[in-house]
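Engineer: Kindly return the folded structure for what I paste below:
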Amino acid sequence: MSLAVPLAALWAILSGCGVDSGPEEEGDRLVQTGRNFAEEHRYAEARHTFEKAIALDSLNAAAHCALGDLDARLGHVERAVQAYKAALAADSTYHRARHNLAVIEADRGHLPLAIELLERIPTYVPALRTLPLFYAKQGRYDLAEKGLHTALAVGGEDLDVRQQLGRLYLRQGRYDEARAALDLALAQDSTQAESHRLLGLLHLAERRYPEALAAFRHALALEPHLIEAHYNLSSAFLGLGQPTQAQAALARFETLAADAAQVAHLRRQLDANPDDRETRLQLAHHYRQLGRDDDALTHYRAILLADSDDLEALISLSGLLLTRRDDQEVLELCRRGISQHPEDVRTSKLHFARGYVHMRRSQYQEARTAFEHALALDSSSATAWNNLGHVQLSLGEEAAAQRALESAIAADSTLADAHYNLGSLFLQKGQLAQAQRAYRAAIVADSTFARTYYALATVYQAQGAISEARRCYQTFIDKWQGDPDFLLQARERLAQLPSP
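Structural biologist: Numbering: from 1, shown residues only. I've put the predicted structure just below:
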């Protein structure tokens, strides 16, 4: 079992340490404004603001450091290094720059240099928290432990430090001390998946397999993409004599590990050529597979920083933001892409995203128009046909909705939503036999689609097929994990069925 912390994970530390205090002058105001722009992903404006601050005062260490943070975030590693060095040349006591430079050097494999940089700022709290990670990487556990206790003494109680102590004690087989450290970490924040994973490793080391299994499951419930937790889960299943479940967990681990390996490979490529668009697109894709949407977001925006009309980046970014419900920006991205690439078949995805936003807002006429435009460019999109059918149903256009839903099923017979919506249309029209067939087809397409069982139970009940209705209500109750009121309603309807 691995207890290593990937150095790539340290990138978050770059923005996690505080800004050195200074007088509130124009340069400081510009730096803060630039940082705000960066947090809003307005990278071009952030860079312009930092450069303006440097033009105002070439010895503004905070501005150089902020520019380094921006370049590091965007994958321009060499530029970031030069910016941090410029900050230190302007002010050798600007600890944030030295700390962040050390993080980059460690990430590039220059661990001795990183340690040397951090050892020169022994009172800077972020450095006290980072340095033990580097010591542990070298196997210098005594220095790592001493450093972590110093971080607690100087910087106060800290969740990450307690977590590091727990990991360090586990690695050394000091299980009682590991348990105490992890208990303190969980007392501070019980939603930290890594703390639960480490506790699971402790149980695993003590051959307490049921407790280990529970801890790993808890960790994955909090963070489903926590790679090592899947491997650990596999080990717990093996310890319990459950090889089938162990193999499934291991397969998931291998899938995520492959994505992580691609991320590491692509990051090295990006270090060498930070302007390579294709590398950024691939990197963003693998980040999304790992559940790291913020990292993917950064790379999509970096592409658009170089070319604001890049169609693939516009499509990918709008799709990501659609899941975050950032509707206004989605609409703006769609407007830009559609205006610049009106005839490209890929633009159908932007029409689709626009339609989805309008559908979510119950703006059904606008949604219908957008989905129709999407299908005019790509008539093979089952989801676009399905959503068109849904909005047409909402507009009372039953005949058109039926044609759209049948087109969705023709395009993809495994799309359970389309079968479900068609069943709902038939049910609304009182055509129970057709509704039953559609709902059953939805279940064939996706047996986990819980809502369908409720709808099918309603049909069976109306047809007088009480035993089938009872079975479907019970299946819905067993599978449903959504609105508890809906579950209560199903229980009430089940209880009201005539006794067999």
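Engineer: Grab the most central residue of this structure for me.
Structural biologist: In the chain, the centroid-proximal residue (C-alpha atoms, centre = their mean) is G291; its distance is 3.3 Å.
Engineer: I figured it was touching P224, is that so?
Structural biologist: Yes - with contacts defined as C-beta atoms under 8 Å, G291 counts as touching P224 at a distance of 6.7 Å. For the C-beta atoms, the positions are set from N, CA and C on the backbone; glycine is no exception.
Engineer: Helices of the stretch 201-350 of the chain, start to end?
Structural biologist: 209-222, 227-239, 243-272, 277-289, 293-306, 311-323, 327-340, 348-360 (DSSP state H, counting those that start in this stretch).
Engineer: Could you identify the helix or strand that succeeds the helix or strand of the chain with the lowest mean pLDDT?
Structural biologist: Taking mean pLDDT, DSSP states H and E as the measure, the helices and strands of the chain show their lowest mean at helix 11-16, namely a mean of 50. Toward the C-terminal end, the helix or strand that comes next after helix 11-16 (DSSP states H and E) is helix 26-39.
Engineer: Low-confidence bits of this structure, can you list those?
Structural biologist: 1-24, 500 (pLDDT under 70).
Engineer: Give me the contacts around stretch 189-207.
Structural biologist: 1, 3, 159, 163, 166-167, 170, 173, 175, 178-179, 182, 185-186, 209, 211-216, 218-220, 222-223, 226, 228-229, 232, 235-236, 239 (C-beta atoms under 8 Å, 6 or more residues apart in numbering).
Engineer: Return a ChimeraX selection command for the buried portion of these.
Structural biologist: Remark: buried members of the contacts of stretch 189-207, expressed as a ChimeraX selection using 16 or more other C-beta atoms under 10 Å:
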select :159,163,166,167,170,178,179,182,185,186,209,211,212,213,214,215,216,218,219,220,222,223,226,228,229,232,235,236,239
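Engineer: Report the secondary structure state of G430.
Structural biologist: In the three-state summary, G430 is assigned as coil, counting by DSSP: H, G, I helix; E, B strand; the rest coil.
Engineer: and it, how many neighbours?
Structural biologist: Residues near G430, counting by other C-beta atoms under 10 Å, number 9.
Engineer: For it, what are phi and psi?
Structural biologist: With angles defined as degrees, to the nearest 10, G430 shows backbone torsions of phi 80, psi 20.
Engineer: same question, S190
Structural biologist: As for S190, its main-chain torsions (degrees, to the nearest 10) stand at phi -80, psi 0.
Engineer: Tell me the secondary structure at L59.
Structural biologist: Under three-state DSSP, L59 falls in the coil class.
Engineer: so what's it up against?
Structural biologist: L59 makes contact with A90, D91 under the criterion C-beta under 8 Å, 6+ apart.
Engineer: Next, give phi and psi for Y124.
Structural biologist: The main-chain torsion angles of Y124 are listed as degrees, to the nearest 10 and equal phi -90, psi 110.
Engineer: Let me know the distance separating it from A87.
Structural biologist: Summarising the geometry, the distance separating Y124 from A87, computed by C-beta to C-beta, to the nearest Å, is 14 Å.
Engineer: Same drill for those two, tell me which one is more crowded.
Structural biologist: Of the pair Y124 and A87, A87 is the one with more neighbours under other C-beta under 10 Å, namely 26 against 22.
Engineer: Quick check, that one in contact with A80.
Structural biologist: No - using C-beta under 8 Å, A87 is not in contact with A80, being 10.6 Å away.
Engineer: Overlap of the contact sets of these two?
Structural biologist: G68.
Engineer: What about Q496, how many residues nearby?
Structural biologist: Should you count by other C-beta under 10 Å, Q496 turns out to have 9 residues around it.
Engineer: Please read the previous query as pertaining to T323.
Structural biologist: Other residues lying near T323 total 10 when counted by other C-beta under 10 Å.
Engineer: In space, what's closest to it - neighbours in sequence excluded?
Structural biologist: D293 (7.8 Å; C-beta to C-beta, 6 or more residues apart in numbering).
Engineer: ok, now which ones touch the one you found?
Structural biologist: Taking C-beta under 8 Å, 6+ apart as the criterion, D293 is in contact with Y287, L320, T323, R324.
Engineer: now, which of these sits nearest E25?
Structural biologist: The shortest gap between E25 and any of the contacts of D293 belongs to R324, at 36.6 Å (C-beta to C-beta).
Engineer: What is the neighbour count of that closest one?
Structural biologist: R324 is surrounded by 11 other residues when neighbours are defined as other C-beta under 10 Å.
Engineer: how near is I115 to A441?
Structural biologist: According to C-beta to C-beta, I115 and A441 sit 63 Å apart.
Engineer: If you could redo that for S380, that was the one I meant.
Structural biologist: Where A441 is concerned, S380 sits at a distance of 20 Å (C-beta to C-beta).
Engineer: who's more crowded, those two?
Structural biologist: Neighbour totals were compared for S380 and A441, and A441 leads with 19 against 13 (other C-beta under 10 Å).
Engineer: distance of that one from N100?
Structural biologist: Looking at A441 against N100, where the rule is C-beta to C-beta, the gap reads 56 Å.
Engineer: before we move on, what about Q32?
Structural biologist: In this structure, Q32 and N100 are 17 Å apart, going by C-beta to C-beta.
Engineer: Between those two, which is the more surrounded one?
Structural biologist: The neighbour comparison of Q32 against N100 (other C-beta under 10 Å) goes to N100, with 28 against 16.
Engineer: so that one is in which element?
Structural biologist: In this structure, N100 is located in helix 95-107 according to DSSP H and E.
Engineer: What is that helix packed up against?
Structural biologist: Using 3 or more C-beta pairs under 8 Å, 6 or more residues apart in numbering; DSSP states H and E, the elements in contact with helix 95-107 are helix 11-16, helix 61-73, helix 77-90, helix 111-119, helix 125-137.
Engineer: Can you list the buried residues in the last one?
Structural biologist: This points to helix 125-137. 125-137.
Engineer: Point out the other helices and strands that that helix packs with.
Structural biologist: In this structure, helix 125-137 packs against helix 11-16, helix 95-107, helix 111-119, helix 141-155, helix 159-171, with contacts taken as 3+ C-beta pairs under 8 Å, 6+ apart.
Engineer: Using CSV, list the CA coordinates for that helix.
Structural biologist: C-alpha atoms of helix 125-137 as CSV (Å, rounded to 0.1, in the frame of the first residue of the first chain):
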residue,chain,number,x,y,z
VAL,A,125,4.3,29.0,8.2
PRO,A,126,3.4,27.7,4.7
ALA,A,127,7.0,26.6,4.3
LEU,A,128,6.9,24.8,7.7
ARG,A,129,3.9,22.8,6.4
THR,A,130,5.4,22.0,3.0
LEU,A,131,9.0,21.2,4.0
PRO,A,132,8.0,18.0,5.9
LEU,A,133,6.4,16.6,2.7
PHE,A,134,9.8,16.9,1.0
TYR,A,135,11.7,15.4,3.9
ALA,A,136,9.3,12.4,3.9
LYS,A,137,9.8,12.0,0.2
